[in-house]
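>>> Here is my input, please return the structure:
(one chain, ligands or ions: 2)
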Amino acid sequence: MRRAVDCAGRWHHRIEMKTLEVRCSDNPYRMLIGAGALEMVADELIRLGFSGTVVVVTDETVAGLFGACLEEYLRRGGLLPQLEVISPGEAQKNLETASALYSRLNDLGAERSTPMLALGGGVIGDLTGFVAATYFRGLPLVHVPTTLVAQVDSSIGGKVAVNHGRLKNNIGSFYQPASVVADTASLLHLPEREYRNGLAEVIKSAMIRDAQFFGYLESNIERVVARDSETLEYVVAVTAGIKATVVEEDEKDMGLRNILNFGHTVGHGIETASAFSIAHGEAVAIGMVAATRIASSMQIMSASCCERLKTLLQRAGLPVAVPLHVDRDDVVDAMMHDKKRVKGRLRFILPVSIGEVQIRDDVPAEQVYQTLEALYAGT
Ligand SMILES: NC(=O)c1ccc[n+]([C@@H]2O[C@H](COP(=O)([O-])OP(=O)(O)OC[C@H]3O[C@@H](n4cnc5c(N)ncnc54)[C@H](O)[C@@H]3O)[C@@H](O)[C@H]2O)c1
Ligand SMILES: [Zn+2]
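Ligands and ions are numbered 1, 2, ... in the order given. Take a look at the predicted model:
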């Protein structure tokens, strides 16, 4: 059954959830995934032992869609929701907004046991997580991600941060949530471009870890693009599961977690060189094609795998060539200034086959130039 989030008249539905266990060392938690999961948030908070005030941080767009609904669910569960609504967008992910939220927590008389709930995309998740991690040295945190990016990526793994100066995510910490509740029906409201951004991370996850899932995406991409309810639940659950297993093996980002950056080396360069007119997911899509071409040129991977990736990305509505207005030297320059460089060398995640990647620090600069050149033509 396909339904968008809507609290009116939905009480009688029995909701079946997918549950994913995330086994982080000091704080294992579970993720509930399914259409209608928003209705489960109060039960989940009560199961975790919370009562009284719940500080819900969200943005104006998300508040308009689900704020009243979530408040109603929480009240019915006997909790006292306190909504804190900020403007939408990356510009809010900073210390000033964090400081305003600290002030609100002071005003509300928040205690160490007062849970914070992040209702929104990755911006809200990262910011709320940062505030929760630092206020009283840690308030309980529950993520209720409402974008595809947040459901498959940012709500899992415990990275919380704000931006400072010209850098992104440079002030932050690792802070695991107590729970994640992902209502896949909320994704029906997402603008097309935001949804496609998330699909880039979905395809990335299949490429790095799960050939069978890649095959599933090839067979079902129309249903994925159409946001069919059951397909969405499955796609979010599998992708979140891939991230969870990678994070479980490398919680503090010391090695393996690097593979999640497949497509991001060139991707970040393109994003920055385009002055962010190319969205993150779009840039990652192009970056994945670049990394795959490099792998093929270095004879690490076969050219036919390149074609499969490119075709899937195109069918998902993602770009596979660098737009002409983005200057190649700017891309390389941005890559050279990336914080993820290791001892002055660019780190690439290169596919060996579909579903398996290698971390490589030995890609010749000339190879990167040539690949970028070819990618303008989209060949
Ligand atoms: N912590 C991590 O591991 C991690 C991983 C990936 C990304 N991130 C961070 O996540 C952020 C990007 O997240 P994002 O892509 O979710 O963007 P976002 O949080 O900016 O959300 C995108 C837009 O969608 C709107 N929105 C949210 N849910 C909606 C819905 N259901 N329907 C309609 N509109 C909705 C928001 O108001 C916003 O305008 C970046 O700051 C990035 O650094 C963090
Ligand atoms: Zn990404």
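>>> So which residues of the chain form helices?
41-47, 60-62, 68-76, 95-108, 122-134, 148-149, 192-209, 211-225, 229-249, 264-273, 280-297, 303-315, 328-336, 365-377 (DSSP state H).
>>> Give me the contact list for the fourth one.
For helix 95-108, contacts defined as CB atoms under 8 Å, 6 or more residues apart in numbering pick out 53, 55, 57, 82, 84, 86, 114, 127-128, 130-131, 134-135, 139, 162, 164, 171. For the C-beta atoms, the positions are set from N, CA and C on the backbone; glycine is no exception.
>>> who's in contact with stretch 205-225?
152, 199, 202-203, 231-232, 234-235, 238-239, 242-243, 245-246, 259-260, 262, 288, 308-309, 312, 315-317, 349, 351, 353-357.
>>> sorry, back to before: what's the closest of the helices of the chain to ligand 1?
Closest to ligand 1 of the helices of the chain is helix 122-134 (CB to the nearest ligand atom; 2.0 Å).
>>> quick one, that closest one and helix 192-209 angle?
Following axes from the mean of the first three to the mean of the last three CA atoms, to 10 degrees, one obtains 70 degrees for the angle between helix 122-134 and helix 192-209.
>>> So is helix 122-134 next to ligand 1?
Yes. Helix 122-134 is in contact with ligand 1 by CB under 6 Å from any ligand atom, via 122, 123, 124, 126.
>>> Let's see if you can find the most crowded of those residues.
For the residues of helix 122-134 next to ligand 1, the largest neighbour count, defined by other CB atoms under 10 Å, is 28 neighbours, found at residue 124.
>>> For that residue, which non-adjacent residue is closest in space?
Spatial nearest neighbour of residue 124, excluding adjacent residues (CB to CB, 6 or more residues apart in numbering): residue 118 at 5.1 Å.
>>> Quick check: that neighbour touching residue 59?
No. Residue 118 is not in contact with residue 59 according to CB atoms under 8 Å; the separation is 10.4 Å.
>>> anything in contact with each of those two?
residue 124.
>>> out of the two, which sits in the busier spot?
A direct count of neighbours by other CB under 10 Å for residue 118 and residue 59 places residue 118 higher, at 31 against 21.
>>> quick revisit: give me the buried entries from the contacts of helix 95-108.
Among the contacts of helix 95-108, the ones that count as buried by 16 or more other CB atoms under 10 Å are 53, 55, 57, 82, 84, 86, 114, 127-128, 130-131, 134-135, 139, 162, 171.
>>> what does stretch 27-34 rub up against?
15-22, 40, 44, 151, 155-156, 176-184, 233, 236-237, 240, 244.
>>> ditto for stretch 157-164
24, 90, 93-95, 97-98, 125-127, 129-130, 132-133, 169-177, 243-244, 247, 251, 253, 257.
>>> Repeat the analysis, applying 6 Å as the threshold.
93-95, 98, 126, 129-130, 133, 169-176, 247 (CB atoms under 6 Å, 6 or more residues apart in numbering).
>>> same thing with stretch 126-134?
Counting by CB under 6 Å, 6+ apart, 57, 93, 98, 101, 116, 118, 139, 141, 160-162, 173, 175 sit against stretch 126-134.
>>> Farthest-apart pair in the residues you listed, please.
Longest distance between any two of the contacts of stretch 126-134 is 18.4 Å, between 93 and 139; criterion CB to CB.
>>> What parts of the stretch 151-300 of the chain come near ligand 1?
Residues of the stretch 151-300 of the chain lying near ligand 1 (CB under 6 Å from any ligand atom): 153, 154, 157, 159, 169, 186, 189, 190, 194, 197.
>>> possible to save the helices of the chain as a markdown table with mean pLDDT?
Output for the helices of the chain, formatted as a markdown table (pLDDT from 0 to 100):
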| stretch | mean pLDDT |
| --- | --- |
| helix 41-47 | 97 |
| helix 60-62 | 98 |
| helix 68-76 | 97 |
| helix 95-108 | 98 |
| helix 122-134 | 98 |
| helix 148-149 | 98 |
| helix 192-209 | 98 |
| helix 211-225 | 98 |
| helix 229-249 | 96 |
| helix 264-273 | 94 |
| helix 280-297 | 97 |
| helix 303-315 | 95 |
| helix 328-336 | 89 |
| helix 365-377 | 87 |
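>>> Pipe those into a markdown table and attach distance to residue 321 per row.
Converted to a markdown table, the helices of the chain look like this (distance: least, CB to CB, whole Å):
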| stretch | distance to residue 321 |
| --- | --- |
| helix 41-47 | 42 |
| helix 60-62 | 31 |
| helix 68-76 | 41 |
| helix 95-108 | 36 |
| helix 122-134 | 26 |
| helix 148-149 | 23 |
| helix 192-209 | 15 |
| helix 211-225 | 19 |
| helix 229-249 | 25 |
| helix 264-273 | 11 |
| helix 280-297 | 7 |
| helix 303-315 | 9 |
| helix 328-336 | 12 |
| helix 365-377 | 6 |
